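Peer 1: The sequence isn't on hand, but the structure is:
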């Protein structure tokens, strides 16, 4: 029997392109996911995808079932939103503050999708970048803040969004580009180029360099493209989310290397006042962010609360 969990697995496979990444998204081990798919193939009497294809390629039967999966899941999600609106009312306000320059790469498409779900909710962006956007919640200057720092604060709740891989970005001929991955100590050998924000806003500095006691020199630039130009000109190195520089990496303008043997991931949360944490439209905003980002961004993985 085809179940909802099977449909979610098929969509995850389609978006992730591999069993390993799809298993992460549906919170299963790769072995458990393989068993689930084998049972589904036995049930429908045919293969769902072409074995040993990279990226994973669906069979005709798999493609047909994937189409149905998307339709069913979209209808279920729409029904759940409608029920929530009937139960709690649709009126609301969502003033969003951000702390990261790269947030707009994924935030704007998610906001566009959400606006279609909840047209009655008034949406706005709090202008500028904020070193401590969560503080705006306490002053009633924002209703939701995108942050990578979920430290406990009175009256604030955190909704997990996703984790994004941060890579070291280097000039093609940089000596460190010969390494398979960079360590914390490698960042002491060159200028670190970042956005113009306090050091504590950067996960690389806060979670990697400072705990390791690494001294570094920093230079700032306001735009991602300016950072990349400085990197390409051998003015220093940077650490940026993969999804924000993917096109530059694909063209070979710069190169990216993992940070640490296992890679380094930055976690993103939606911080909201506790009074709003159970609001249906707030929960759906977080869910919409996750859905749109997993469908369109590379280098991200699920974040568990």
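Peer 2: Looks like it came in fine. If you're wondering where the values come from, they're calculated on a predicted model, not measured in any experiment.
Peer 1: Assign the residue nearest to residue 273 when sequence neighbours are not counted to helix, strand or coil.
Peer 2: Sequence neighbours aside, residue 137 is the residue nearest to residue 273 in space, at 5.4 Å (criterion: C-beta to C-beta, 6 or more residues apart in numbering). Heads up, the C-betas are built off the backbone N, CA and C, glycines and all. Of the three states, residue 137 takes helix under DSSP: H, G, I helix; E, B strand; the rest coil.
Peer 1: Next up, the contacts around residue 137.
Peer 2: Residue 137 makes contacts with 143, 144, 145, 155, 156, 271, 272, 273, as judged by C-beta atoms under 8 Å, 6 or more residues apart in numbering.
Peer 1: so how far is residue 233 from the residue nearest to the fifth one when sequence neighbours are not counted?
Peer 2: Distance criterion C-beta to C-beta, 6+ apart; nearest residue to residue 156, sequence neighbours excluded, is residue 271 at 5.5 Å. Relative to residue 233, residue 271 is positioned 37 Å away (criterion: C-beta to C-beta, to the nearest Å).
Peer 1: Doesn't residue 21 lie inside a strand?
Peer 2: No: with three-state DSSP as the criterion, residue 21 is helix rather than part of a strand.
Peer 1: which ones are touching it?
Peer 2: residue 301.
Peer 1: Could you list the low-confidence segments of the stretch 1-150 of the chain?
Peer 2: The model of the stretch 1-150 of the chain has pLDDT under 70 over residues 85-91, 101, 128-129.
Peer 1: helix, strand or coil for the residue nearest to residue 118 when sequence neighbours are not counted?
Peer 2: In space, and not counting its chain neighbours, residue 118 is closest to residue 281: 4.9 Å by C-beta to C-beta, 6+ apart. Assigned with three-state DSSP, residue 281 falls in the helix class.
Peer 1: In contact with residue 28, which residues?
Peer 2: residue 36.
Peer 1: which residue sits closest to residue 61, ignoring its sequence neighbours?
Peer 2: residue 46 (4.6 Å).
Peer 1: That neighbour and residue 131, how far apart?
Peer 2: Computed as C-beta to C-beta, the residue 46 to residue 131 distance reads 55 Å.
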